[in-house]
Every structure is written in structure tokens, then in C-alpha cells.
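**Q** heads up, no residue letters with this:
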């Protein structure tokens, strides 16, 4: 056999090997896709509600959560329905967000519900400064970071979503300054608690899952500042499933929920669950482009706000 013949044989063998690997990889990809599709169908079949019923927080549950009072030193996270979502997996049809209108008091007090997939993960480096002042808003002062403009549906989960219609629009940035998607939230609840659950949703859609995510600020009566927020999420294959209430509290601060004002109170110590990670946050500007945050909340108990300083624009 000549050298040329041996080289040709090696090339043919390599080519056949490459074709075999490609076919095998294609079959594996197709098999995994079919398996995932079947898993979604099997999970959805357990829910007897029609696809037109999204599910989510009920009126009675809202009223019960509104009456809860945070006890200093306790966990700021409450499981709702034993931590299991009451959303309907059959309701996912396409990616979009259902934004509710502000109530008569100008509050975002109803449930915003997002139907998400991988293309809704927004580039957080493109965030712009927020300037809308939601009900109960007070500007931060004295170097203590108490207030955030909290998103119901996180900026990082609204890539391609038109904030006016809630429909997907190619090229649209994340939802940053939409009055129907903002409420006055403490820095602690936003940056330590809520971001943990938002990160879980982000990780799920990054893995190609379809997720229904619902956020509901909880107000007591006509108060201007929410007592907390209910978050629940469900992937259509059931692998992501949570339902929690997060108290809207700030370590070292006593809040007046009627007006949103605050005052220092050293007795307000807040426990930080061990699974919370402040690094999950996708927002380091606290919703205000000229603030820079200093420090972290100490674990396991936080007893003072973080600090900030202002920079020139």
C-alpha cells in the first residue's frame, strides 16, 4: 500500500467517525428534546384546570398575607401553600407578561404574571436609570440605603418584552421604568431575598425551560407601602416550583407602611436564611443611577442598612 493510499484510508476512517458522531449527537439531542417535551406533557396532565385559567394567589390568601406582622429576629420568608405554586402549567403558550393596572391609590397592588423562555433573559449591562416614584416612595438620605424601586417581574427576566403591551418584540430591552411593574421595596428585601428567587427563574430559562412566574405586592388596606411580596414560579415540567411571601423589611429600620416613612430602630434585627446569596442580585444601583452601594448585610442576622454614596452624572 502506498503512502497516498494509507493517508486516504485514514481520511476516510476519520470522516466516517465524524459522521457517526454527528448522527449520534443529533439523535441524542432529538431524544432529549422528546423526553423534555413528554415530561412537560405528563406534568401538565396532573392539573385539571383548563389552559385559560392561569391560577396564582387567591383573594383570601392575599388578605391573610396582608395581616402578617414581622417579628424581629425571625425569618423574613414565609412558605405559602407549603411552598408549592398554584399556577397552571397548561397556561404557558408563548412568552409574554400580563401587567395589571395601578389601583385607585396609584399602587401596583395586583399580580403581574410572566410566561418566560430563554430569549427573555435580558442583558443587565443595558439597564437605564429609574426615575418613576411608586406609591410610598421616599428618597434615600443620610447615607443609609433603605428604599429601592423594586420590580415585580425582574429586569433580567423581561428581555424582548414591550412594557406597554407585555408582548414580545424583538430588540426590546428589559422592563426598567414601567409604573405597572414597580413598587416601593426595601433594599434588603429586594437585594437579598427577592433576587434569590429571581435567580432560580433565570437559571431555569437558561436551561431551556418554560416558566410561569407571578409577583404580587401585598398591601394592608390603604397603606402606601407594601407589607411584602408573594413570589411563585412553576416550570412546565415541574422541576422549578416555589411559592413564598417575603416581608418588606429593612434591618435597623422601623417602617411606617401607611406613608412609607422610616426611622432608625436597633431592635429590628433580620435573620438571613443560609441559602440566600446577595451576589444573586442583578442590580447594584438600587434603582438610582447616581448611587453606589457600600458594604454587605452580615449573616446570620443583619441589624443595619447598607450604605451608599452619590456620584456626579
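**A** In hand now; what should we look at? Source: prediction; values computed, not measured.

**Q** can we go C-alpha only for contacts and neighbour counts from here?
**A** Will do.

**Q** name the SS class of residue 130, please.
**A** Put simply, residue 130 is coil when judged by DSSP: H, G, I helix; E, B strand; the rest coil.

**Q** for it, give its distance to residue 181.
**A** Counting by CA to CA, to the nearest Å, the gap from residue 130 to residue 181 is 12 Å.

**Q** excluding chain neighbours, what is closest to residue 255?
**A** residue 262 (4.5 Å; CA to CA, 6 or more residues apart in numbering).

**Q** for that neighbour, grab phi and psi.
**A** phi -150, psi 160 (degrees, to the nearest 10).

**Q** what residues are up against it?
**A** Residue 262 makes contact with 253-256, according to CA atoms under 8 Å, 6 or more residues apart in numbering.

**Q** got it, and residue 143?
**A** Contacts of residue 143 (CA under 8 Å, 6+ apart): 307-309.

**Q** check residue 114 too.
**A** Contacts of residue 114 (CA under 8 Å, 6+ apart): 95-98, 153, 211-214.

**Q** in strands, which of the residues you listed fall?
**A** Here DSSP state E is the test, and the contacts of residue 114 give 96-98, 211-214 as lying in strands.

**Q** between these, which is closest to residue 137?
**A** Of all those, residue 214 has the smallest distance to residue 137: 22.8 Å, by CA to CA.

**Q** mind listing the residues bridging to that closest one?
**A** residue 113, residue 232 (DSSP bridges).

**Q** distance check, it against residue 168.
**A** Distance, residue 214 to residue 168, using CA to CA: 17 Å.

**Q** same question, residue 113
**A** According to CA to CA, residue 113 and residue 168 sit 14 Å apart.

**Q** please apply the same query to residue 60.
**A** Residue 60 is 32 Å from residue 168, by CA to CA.

**Q** those two - which one has more neighbours?
**A** Shown here are residue 60 and residue 168; by other CA atoms under 10 Å, residue 168 has more neighbours (19 against 9).

**Q** returning to what we had before: can you put the contacts of residue 262 in a markdown table and add neighbour count and pLDDT?
**A** Converted to a markdown table, these look like this (neighbours: other CA atoms under 10 Å; pLDDT from 0 to 100):
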| residue | neighbour count | pLDDT |
| --- | --- | --- |
| 253 | 21 | 98 |
| 254 | 16 | 98 |
| 255 | 20 | 98 |
| 256 | 14 | 98 |
